[in-house]
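Q: structure for this input, please:
(one chain, ligands or ions: 1)
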Amino acid sequence: MLLPAKVTAQAFQEVSYSPEKTQFTLFAPNEAKNVKVRIYKEGIDGKAIKTVKMLRTANKQWTATVKGDLMGRFYTFDMGKGECPGVFAKAVGVNGKRGAIIDMKATDPQGWDGDHRPVTKSPADLIVYELHHRDFSVARPEAQYPGKFLALTEPWAINHLKSLGINAVHILPSYDYGSVDETRLDTPQYNWGYDPVNYNVPEGGYSTDPYRPEVRIREFKRMVQALHKAGIRVILDVVYNHTYDIEHSNFQRTYPDYYYRKTADGAYSNGSGCGNETASEQPMMRQFMMESVKYWINEYHIDGFRFDLMGCHDIETMNAIRKVVDNIDPTIFIYGEGWSAGACALPTEQLAMKANIQQMPGIAAFSDELRDALRGPFSDDTKTGWLGGAPDCVESLKFGIVGAIAHPQVDLSKVNYSKDPWAAEPTQMMSYVSCHDDMCLVDRLRASIPGIGDDELLRLDLLAQTAVFTSQGVPFMLSGEELLRTKKGVHNSFESPDSINQLDWQNEARYQKALNYYRKLIQLRKDHPAFRLGNADLVRKHLEFLDAPADVVAFRLKNYAGRDEWRNIIVVLNNGRQPQNICVPEGCYTVVCDNGNIELKEQGLGTITGKNVVVSPQSALIIHD
Ligand code: CA
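A: Model (predicted):
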């Protein structure tokens, strides 16, 4: 198809304000009839104060000029499919039904021009913390803004994140979504938010006043600013792969059927498992995604993107996005779910699946190999993995430790899901054991290991995260795991009440040992470049697996890997209920992690001399010389 001559965000819609008049433009099909713009006094209810017919001006562009000063007014487009604010509204009224005319510059908090992105050299240096606004703050006793963007500006929140040591928060959907009714926020409502309505506007439910369009925008920026000040990057969860539904979507209401894929028999395809799937390969959908990402970076200073069901998008689109992002700042990190939730109406070889990641340099995918090797398969919560002593998990665990790259000591024929090393670089693999989907780690351990006691639970939890944080991929953790969070066994808590999803901050005192271990484990990674080499050749050169008893995984990061101050680092992971003996190269080693304790001070937990070490049950041993 022909595109408008210069494709920018304005190609989709533009609201060009002056005190005398406002000009509206809209991207809509040539064959449309009777396209109108309506002006309202309020963001919801009430009759239009003006209705103006739009005229076709160029290929698929429609325009109308409305006289008078419209600052603070609301608008909708209407081409007979139902009113909507357009696909690229930048400000909206309550529940995102109408666009709003505001002064965007006036939404900038004080000092916004001086806001800057915290420095990270390599994605391997990131420690990603996946957080839902409501989970994180709703039950914090001293929170002034429980469940809101502003909670992340509060000292208690910043202190917790900083003392944990993470340097990136990945916020669950924070664009305007549909499943929480913003007109009744006094009633507790909960949703993860994977049901996008307005892609380029923050969610009203997380603002202190969803009726005033500028409030959510300013509060979102204040959140970013506070996190940046604390040295923490902000990663946005973006869900371009589907919309809440087709009929009510802004895409459908401005350009029917253009933005969605259909199957050969003409039905809407459902690769998202949510009833529809967008068509990233359509030139204007691709452009939409590129412009949207650019907009979040430029307007909101966003530092990274997590693509929901990235496997629904095509490779060309993801590479095009990587390129526009590189032009702004190559350190902005992009990763996604390298799978879809159903069959997509596009050939698999064109899709941004995990297996095709090597064709997408600079883009990472989650490793279900490592996750499931550790805790058990996605499909069955009652099955365990290596943590609970399941057989044949070791090669998958090793595959995760090297960062899903080719490594001479990983036998791919024995890896659970992939028979190929799908990552070209270890920074293309997200290393994790749990995320918002599925059970959190504590619940999974309880569900999959019958009769597990509290002591064993703690040991295995810490052991799992030690595997994650010493692996060469990009480490990622679910918010609250450091407090041994439980969701009371609920597997898919996307709309469960706060009582299931909220972090219980009493656990800070209850599980001090766990919290301290998480902090020190993260610090260990940050202090030692050997754990984050960031390059496949360096991993192959410096990381070697050592001979170990069955089910024990031991590896050495040798010869000052990554110019580490430590010459050799040995990590031994023991899932068994018995202590294990391991042969190591003869030497005098300092112990930094043993039996659920980490000591980062120079003398560590003591020294070991010789060529034999003993690793305690269900724990990690880390030593160095
Ligand atoms: Ca909303």
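Q: going by C-alpha atoms from here, please, whenever you check contacts or count neighbours.
A: OK.
Q: contact residues of the chain facing the ion?
A: N95, D176, Y177, G178, E203 (CA under 5 Å from the ion).
Q: kindly recompute the last result at 8 Å.
A: By CA under 8 Å from the ion, the part of the chain that sits against the ion consists of 94-96, 175-182, 197-198, 203-205.
Q: C84 bridge partners, please.
A: Note on C84: beta-bridge partners F77, judged by DSSP bridges.
Q: same check on I569?
A: For I569, the beta-bridge partners are L557, H624 (DSSP bridges).
Q: right, and V613 touches P579 too?
A: No. Using CA atoms under 8 Å, V613 makes no contact with P579, being 10.2 Å away.
Q: now for those two: what residues contact both?
A: Common contacts of V613 and P579 (CA atoms under 8 Å, 6 or more residues apart in numbering): none found.
Q: can you pull out the helices in the chain?
A: 133-137, 155-164, 213-229, 250-254, 283-300, 315-328, 368-375, 394-401, 441-448, 454-469, 498-501, 507-510, 512-527, 536-542 (DSSP state H).
Q: report pLDDT for the closest residue to the ion within the stretch 301-450 of the chain.
A: For the stretch 301-450 of the chain, the residue closest to the ion is D308, as judged by CA to the ion, at 18.1 Å. Among the per-residue scores, D308 shows a pLDDT of 98.
Q: what about it, how many neighbours?
A: Residues within reach of D308, counting by other CA atoms under 10 Å, total 23.
Q: kindly report the same for W156.
A: Neighbour count for W156, taken as other CA under 10 Å: 15.
Q: once you drop chain neighbours, what's closest to the residue of the stretch 351-500 of the chain found nearest the ion?
A: Nearest residue of the stretch 351-500 of the chain to the ion: E495, at 14.6 Å (CA to the ion). Once flanking residues are discounted, E495 sits nearest to N191: 4.6 Å by CA to CA, 6 or more residues apart in numbering.
Q: thought the one you found was touching I500?
A: No. Using CA under 8 Å as the test, N191 is too far from I500 to be in contact (11.9 Å).
Q: pretty sure the residue of the stretch 301-450 of the chain closest to the ion is touching W339, no?
A: No. If you go by CA under 8 Å, D308 and W339 don't touch, sitting 9.1 Å apart.
Q: can I get stretch 174-192 as PDB, trimmed to CA atoms?
A: Presented in PDB, the C-alpha positions along stretch 174-192 are these (Å, rounded to 0.1, in the frame of the first residue of the first chain):
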ATOM      1  CA  SER A 174       1.500   0.800  32.400                       C
ATOM      2  CA  TYR A 175      -0.100   2.200  29.200                       C
ATOM      3  CA  ASP A 176      -3.800   2.800  29.400                       C
ATOM      4  CA  TYR A 177      -5.600  -0.600  29.600                       C
ATOM      5  CA  GLY A 178      -9.200  -1.600  29.700                       C
ATOM      6  CA  SER A 179      -9.800  -4.100  32.500                       C
ATOM      7  CA  VAL A 180      -9.800  -1.700  35.400                       C
ATOM      8  CA  ASP A 181     -12.700   0.800  35.600                       C
ATOM      9  CA  GLU A 182     -11.100   4.200  36.300                       C
ATOM     10  CA  THR A 183     -14.400   5.700  37.300                       C
ATOM     11  CA  ARG A 184     -14.600   3.500  40.500                       C
ATOM     12  CA  LEU A 185     -11.100   3.300  41.800                       C
ATOM     13  CA  ASP A 186     -12.400   3.500  45.400                       C
ATOM     14  CA  THR A 187     -13.400  -0.100  44.900                       C
ATOM     15  CA  PRO A 188     -10.400  -2.400  44.900                       C
ATOM     16  CA  GLN A 189      -9.800  -3.800  41.300                       C
ATOM     17  CA  TYR A 190      -6.900  -5.700  40.100                       C
ATOM     18  CA  ASN A 191      -5.500  -6.600  36.700                       C
ATOM     19  CA  TRP A 192      -2.100  -7.200  35.200                       C
END
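Q: quick one: buried residues of that stretch?
A: Buried residues in stretch 174-192, defined by neighbour count with 16 or more other CA atoms under 10 Å: S174, Y175, D176, Y177, G178, S179, V180, E182, Q189, Y190, N191, W192.
Q: swap in stretch 302-321?
A: 302-321.
Q: then stretch 376-392?
A: Within stretch 376-392, the residues that count as buried by 16+ other CA under 10 Å are 376-377, 381-390, 392.
Q: format the buried residues of stretch 174-192 as a markdown table; extra columns: distance to H160.
A: Listed next are these as a markdown table, based on distance: CA to CA, whole Å:
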| residue | distance to H160 |
| --- | --- |
| S174 | 21 |
| Y175 | 25 |
| D176 | 27 |
| Y177 | 28 |
| G178 | 30 |
| S179 | 29 |
| V180 | 28 |
| E182 | 29 |
| Q189 | 25 |
| Y190 | 23 |
| N191 | 24 |
| W192 | 22 |
